[in-house]
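1. I'd like to go over a predicted model; first the sequence, then the structure.
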2 protein chains.
Amino acid sequence: MTTIHASCIDELTAALGADQVQTGDDIRRLHGTDSSFHPPALPDAVVFPETVDECLEIVRTCIRHETPMIPFGAGSSLEGHIMALRGGVSIDMTRMNAITRISVEDLDVTVQAGVTRRQLDARLRPEGVFFSVDPGADATLGGMIATGASGTTTVRYGAMRENVLSLLVITPDGELVRTRSRARKSSAGLDLTRLFIGAEGTLGLIVEATLRVHPTPEAMVAAVLSFGAMEDAVSTVTEVAQYGIPVARMELADELTIDMINKHFEFDMPVTPTLFLEFHGGEAEVASQAESVREIAQEHGLQGYEAAADEAERRRLWRARHGAYEATKATQPGCEVLTTDVCVPVSELAASVLEAQEDIAEHRLKAAIVGHVGDGNFHVAVVLDPDRPEELVAAEEFHDRVVRRALARGGTCTGEHGVGYGKSRFLVEEHGEAAVGLMRTIKEALDPHDLFNPGKGAQAA
Amino acid sequence: MTTIHASCIDELTAALGADQVQTGDDIRRLHGTDSSFHPPALPDAVVFPETVDECLEIVRTCIRHETPMIPFGAGSSLEGHIMALRGGVSIDMTRMNAITRISVEDLDVTVQAGVTRRQLDARLRPEGVFFSVDPGADATLGGMIATGASGTTTVRYGAMRENVLSLLVITPDGELVRTRSRARKSSAGLDLTRLFIGAEGTLGLIVEATLRVHPTPEAMVAAVLSFGAMEDAVSTVTEVAQYGIPVARMELADELTIDMINKHFEFDMPVTPTLFLEFHGGEAEVASQAESVREIAQEHGLQGYEAAADEAERRRLWRARHGAYEATKATQPGCEVLTTDVCVPVSELAASVLEAQEDIAEHRLKAAIVGHVGDGNFHVAVVLDPDRPEELVAAEEFHDRVVRRALARGGTCTGEHGVGYGKSRFLVEEHGEAAVGLMRTIKEALDPHDLFNPGKGAQAA
């Protein structure tokens, strides 16, 4: 343990007990390791608050000792968000997992930060409502808020920014702040809610959130569309968006991804560029949306069309699509995966994806493409052998090229994974010095001693 | 003219010429008067930039002279946003009125801040797309961004926060900042875009914006539903929201509003509590939505139903609904109107509206109720004789009661009009000292000399 934080940890242990303040190697390793290729960076201790008051006590104690705090949810970050780059205390929010209020009438719910997406889904299902943001991983809601997560349903229902009404946060002053009422809309002062969404834990600790939920659609149908060429799949996406067909999900996978999914999840989809779609609405509406999309796809050389209206089949299909990362890792035991996350205007999507494919071929990378292409967001998952450091160098160089091309096309380096410390090097290039300077000014004003998740986000750029 | 700012204005005149820097009484009065009951507060001069470079020159000159700057759009504010409370320079953005880019493919457009809503609407119509936010007034887009405006279509398409992709702003450092790329989504750093939306000009000057647009629906049908009692109308709203019927607009008007609209716009609607709805989608979808709503309304004592599918009739109807404020002012020549703007969770709407009605009756106010009730937002327009100051006192007391009741029900003092200086007294009560303190910290960090729209928003609380 870094002795510099020992007295802080002693004080926390005296206050909360040994069960809630742990310093064992295994627990620290678990909390200093995310789901990415980034090397671990261990905290000095892991604390497990169970109440808002305990959260307040932890934050105030760390402030007094100038000990860094790193909020921790499910550890499903892909950009090193939870790494304790300067030691300090990992605040594990998973015991703060109560769903404290459900209003079907107002279509909103209040959850503690440690509630996971699947936990919320299971609780809401019998109520006839659902929370729409689905990044695939069983992340905590607090983590999804902190990274500004989105996922497969964003094309229809928006990302976290559009689905969080209000937050309860503890600021670097040690104050408990409710950012906003739970009214559907408000113009009452600065938008503190959105300031904390995507701030990656650098401005405070999120302890509770009030979220929008949506009525469960009368009908939901998924469809898998196979194409002969990537251009055809992407052109279909662009046209569906332009016609304003309100598809609920519209996902792209390349041949390699389909092949890996087939093997890992025992599917037998044609190994071609593929779109996964989902339609929500009344029975007639869903049928009409599906028919419109099929017509558009046929004009772009549709080769195969499989629909899944049955609930179990639909869920199995999306588990497979969401399992692309898992399937990728399974192809090569012990491998690591570097995942890019650029998002470009939809009109630039076809060129961006084709350039990525050419680059993969030219540099002989083992890399698969999936994407939330209705939003212009796609991932390239590059498989790495950790024992061959030159592969990481090549993957990072590829990442740089993918990002530079996206920026030149009016896009962003990260559509949903966040900056962490893995992408901080791109921020000045993306936003310019003045914009990043503004972000730093806000961070310094709110957290002058840089105690909340130091070394992450725009502040690290 | 306040001599303290004379040298700043001289310098601006030397740089831009007399046509672009005006100090006449009439022009100053026009720019120091909004559309509300608030007394005028005149700037020392009005400047009319025509380019981004001129905007930069104006801001940098004012910073050097520590002269306050008040961004000005259409002057349609209802909360004193454009009042020059400490003198200084009104920056009239109306000559910055170019629509600089339209992408039907990406469903986004870039506009200068002085473009008005109707100007954009007219330009987009032949392209088959539309910008959804419609507050009624022909405001500038810059003004709508600054106040975090919303309006009749928010229930389906969201408010400004959901429809602005990126901003070009000049900060109180005199730096030009692009807040974000125009990708559909991004997690690349703090959400500067949303920080400026609703900041009411207190954090900088918005010069350009990239906005989302939507494909024009195949079919649009409006309907007017008359009810015997306010409870019936509001219960219908609540149930439509719960069923997730994606109505494009859902507006409430009370008897007095209908009476005033009938007289001012030559309609002959039944003088009863009334809902104005609009349905967007394919022909079949629109018919099915309308039928579902009608069924729900019939269970709640629907008395009359009139549909308007014809484009001219539909536009005439919405002009009348949006003209409620104008119609209210027309009932009593020379009158002023104080408008409340609370927004509550939808489940609290019926009680809130009924309490407002009882309060109006008890205090014998002349006051009409309209509202964007699909979002839980409603306005009470209180008619005032400016020669009877006791009426303003009574109206302000009523306003206080309406807001206190809304806050007790989990709502906000302003759903869309913003704080200006008319509502700053409510902010601490709504958000608490710590949250308002956070807003002040951000303002002080970005604008330490309080040059941008001083005395407004949360900073004035």
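-> That came through fine.
2. need the residues that contact the top helix by length along chain A.
-> Scanning chain A for the helix with the most residues, using DSSP state H, yields helix A:389-408. Residues outside helix A:389-408 that contact it (CB atoms under 8 Å, 6 or more residues apart in numbering or on different chains): A:37, A:336, A:338, A:340, A:342-344, A:352, A:355-356, A:359-360, A:363, A:365, A:367, A:380, A:382, A:384-386, A:412-413, A:423, A:426, A:429-430, B:181. Just so you know, the C-beta spots here come from the backbone N, C-alpha and C atoms, and that holds for glycine as well.
3. buried ones among these?
-> Neighbour counting by 16 or more other CB atoms under 10 Å in any protein chain shown classes A:37, A:336, A:338, A:340, A:342-344, A:352, A:355-356, A:359-360, A:365, A:367, A:380, A:382, A:384, A:412-413, A:423, A:426, A:430, B:181 among the contacts of helix A:389-408 as buried.
4. need the contact list for the most centrally placed residue in chain A.
-> Closest to where the C-alpha atoms of chain A average out (CA atoms, centre = their mean) is residue A:149, at 3.8 Å. By CB under 8 Å, 6+ apart, the contact set of residue A:149 is A:133, A:135, A:139, A:143, A:159, A:160, A:416, B:187.
5. can the strand or helix carrying residue A:162 be found next to chain B?
-> Element membership for residue A:162 (DSSP states H and E) is helix A:160-163. Yes: Helix A:160-163 reaches chain B (CB under 8 Å from any CB of the partner chain) through A:161, A:162.
6. the helix or strand that comes right after that helix and chain B in contact?
-> Using DSSP H and E, the helix or strand that follows helix A:160-163 in sequence is strand A:164-170. No: applying CB under 8 Å from any CB, one finds strand A:164-170 separated from chain B by no less than 9.2 Å.
7. can you name every helix or strand that strand A:164-170 contacts?
-> On a contact count with 3 or more CB pairs under 8 Å, 6 or more residues apart in numbering or on different chains; DSSP states H and E, strand A:164-170 meets helix A:52-65, strand A:176-178, helix A:192-196, strand A:205-212.
8. which among these is found nearest to chain B?
-> Evaluated with CB to the nearest CB, the helices and strands packed on strand A:164-170 place helix A:192-196 nearest to chain B, the distance being 3.7 Å.
9. show the average pLDDT along the closest one.
-> For helix A:192-196, the mean per-residue pLDDT is 98.
10. repeat for stretch A:155-170
-> For stretch A:155-170, the mean per-residue pLDDT is 97.
11. how long is that stretch end to end?
-> End-to-end distance for stretch A:155-170, by CA to CA, to the nearest Å: 32 Å.
12. close to chain B: what parts of the stretch 251-400 of chain A are there?
-> A:282, A:284, A:285, A:288, A:343, A:344, A:345, A:346, A:347, A:375, A:376, A:377.
13. buried ones from those, can you make that a PyMOL selection?
-> To isolate the buried ones among these in PyMOL, judged by 16+ other CB under 10 Å, type:
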select buried, chain A and resi 282+285+288+343+344+345+346+347+375+376+377
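14. related to what we said a few turns ago, the longest helix of chain A: what's the following helix or strand?
-> helix A:427-431.
15. residues contacting that following helix, please?
-> Helix A:427-431 has contacts (CB under 8 Å, 6+ apart) with A:403-404, A:407, A:412-413, A:419, A:436, A:439, A:458, A:461, B:178-181, B:188-189.
16. where does pLDDT dip in the stretch 301-450 of chain A?
-> By pLDDT under 70, the stretch 301-450 of chain A has no low-scoring segment.
17. looking at it, what residue ends up closest to chain B?
-> Nearest to chain B, among the residues of the stretch 301-450 of chain A, is residue A:445, at 3.4 Å (CB to the nearest CB).
18. ok, that residue touching residue B:447?
-> No: counting by CB atoms under 8 Å, residue A:445 stays clear of residue B:447, with 11.4 Å between them.
19. among those two, which residue is more densely surrounded?
-> The residue with more neighbours, out of residue A:445 and residue B:447 and counting by other CB atoms under 10 Å in any protein chain shown, is residue B:447; that gives 21 against 17.
20. for the residue nearest to that one when sequence neighbours are not counted, give its distance to chain A.
-> Spatial nearest neighbour of residue B:447, excluding adjacent residues (CB to CB, 6 or more residues apart in numbering or on different chains): residue B:172 at 3.9 Å. From residue B:172 across to chain A, the span is 10 Å (CB to the nearest CB, to the nearest Å).
21. so residue B:172 is in which element?
-> Using DSSP H and E, no element contains residue B:172; it sits outside every helix and strand.
22. surely it and residue B:445 touch.
-> No: using CB under 8 Å, residue B:172 is not in contact with residue B:445; the gap is 9.8 Å.
23. follow-up on the earlier one: need the helices and strands packed on strand A:164-170 in JSON lines with mean neighbour count, can you?
-> Below are the helices and strands packed on strand A:164-170 laid out as JSON lines (neighbours: other CB atoms under 10 Å in any protein chain shown):
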{"stretch": "helix A:52-65", "mean neighbour count": "20"}
{"stretch": "strand A:176-178", "mean neighbour count": "21"}
{"stretch": "helix A:192-196", "mean neighbour count": "25"}
{"stretch": "strand A:205-212", "mean neighbour count": "25"}
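24. domains in chain A, by residue range?
-> For chain A, automatic domain parsing gives the domain ranges A:3-92, A:99-215, A:217-323.
25. residues contacting residue A:185?
-> Contacts for residue A:185 were tallied using CB under 8 Å, 6+ apart; they are B:150, B:154, B:159, B:343, B:375, B:377, B:415, B:416.
26. one more time with 10 Å
-> By CB atoms under 10 Å, 6 or more residues apart in numbering or on different chains, the residues touching residue A:185 are A:165, B:148, B:150, B:154-155, B:158-162, B:343, B:372, B:375-377, B:412, B:414-416.
27. how about residue A:376?
-> Residue A:376 makes contact with A:155, A:237-238, A:241, A:342-349, A:352, A:406, A:409-412, A:415, B:106, B:182-185, according to CB under 10 Å, 6+ apart.
28. look up phi and psi at it.
-> Residue A:376 adopts backbone torsions of phi 80, psi 10, taken as degrees, to the nearest 10.
29. cool, residue A:198 as well?
-> Per-residue torsions, residue A:198: phi 90, psi 0 (degrees, to the nearest 10).
30. report the contact partners of residue A:241.
-> For residue A:241, the contacting residues are A:155, A:247, A:250, A:346-347, A:349, A:373-376, B:105-107, B:184, B:215, by CB under 10 Å, 6+ apart.
31. looking at the helix or strand containing it now, give me its mean pLDDT.
-> Secondary structure assignment for residue A:241, by DSSP H and E: helix A:230-242. Here helix A:230-242 scores 92 as its mean pLDDT.
32. and after it, which helix or strand comes next?
-> Downstream of helix A:230-242, the first helix or strand assigned by DSSP H and E is strand A:249-253.
33. can you give the distance from whichever helix or strand comes after that following strand to the centre of its chain?
-> The helix or strand immediately downstream of strand A:249-253 is helix A:255-265, counting by DSSP H and E. Helix A:255-265 sits 22 Å away from the centroid of its parent chain (CA atoms, centre = their mean, to the nearest Å).
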